Structure formats: C-alpha cells, structure tokens
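**Student:** What follows is a protein structure lacking sequence information:
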C-alpha cells in the first residue's frame, strides 16, 4: 500500500486523489468521485470535499493509498 503525506490536519478527497497521482486533474477527480469509483475506508464516497484524515485509506482502480502526516 502506498502512502501520501499531508501537512495539515486533513485534506479534501479530490485533492488527495490528485496528490496520490491516481488521476491527472481536479476535473478528472471530480468525475471519478461523483461516479462512485472512489472508496474511503472501504465505503464509496461521492463527495469530493469529504475531509480525509491521517490513517484513512483511499481506494481507486485497484490501488490503495494511506494518508499520513
């Protein structure tokens, strides 16, 4: 499982997906999230503004990314 590091207390889901390199742009992140292709801690998440905290796991296209600080 790969990790991304954040400096703040949280990161928004759309930003995290882009930071992890799972998508190429914010627009692509928005579409993939709204279409139900992204999971947070095993649950489908449809809000790109969802706050993601250290310890959370994002899943997309068979890849898992853990958020750390």
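**Tutor:** Great, that's in hand. The structure presented is a predicted model; accordingly, all values stated were derived computationally and were not measured.

**Student:** Contacts for the longest strand seen in the chain, please.
**Tutor:** For the chain, the longest strand by residue count, based on DSSP state E, is strand 63-68. Applying C-beta atoms under 8 Å, 6 or more residues apart in numbering, the external contacts of strand 63-68 come out as 1-6, 11, 16, 20, 22, 52-59. C-beta: built from backbone N, CA, C; applies to glycine.

**Student:** Return the members of those classed as buried.
**Tutor:** Among the contacts of strand 63-68, those classed as buried by 16 or more other C-beta atoms under 10 Å are 4, 6, 11, 16, 20, 22, 52, 54, 56, 58, 59.

**Student:** quick one: low-confidence parts of this structure?
**Tutor:** Scanning the chain for pLDDT under 70 picks out nothing.

**Student:** tell me the strands in it, going along the chain?
**Tutor:** Using DSSP E, strands in the chain cover 2-5, 11-12, 38-40, 43-44, 51-52, 57-60, 63-68.

**Student:** Can you list the strands that the longest one pairs with?
**Tutor:** The one in question is strand 63-68. Sheet partners assigned to strand 63-68 using DSSP bridges are listed as strand 2-5 (parallel), strand 57-60 (antiparallel).

**Student:** Which among the ones you listed is found nearest to residue 40?
**Tutor:** strand 57-60 (5.8 Å; C-beta to C-beta).

**Student:** Tell me who's in contact with residue 26.
**Tutor:** Residue 26 touches 14, 15, 18, counting by C-beta under 8 Å, 6+ apart.

**Student:** Ok, residue 39 next?
**Tutor:** Residue 39 makes contact with 45, 58, 59, 60 under the criterion C-beta under 8 Å, 6+ apart.

**Student:** Could you do residue 51 as well?
**Tutor:** Here residue 51 is in contact with 10, 11, 12, 13 (C-beta under 8 Å, 6+ apart).

**Student:** Contacts only, for the third one.
**Tutor:** Contacts for residue 12 (C-beta under 8 Å, 6+ apart) come out as 48, 49, 50, 51, 52.
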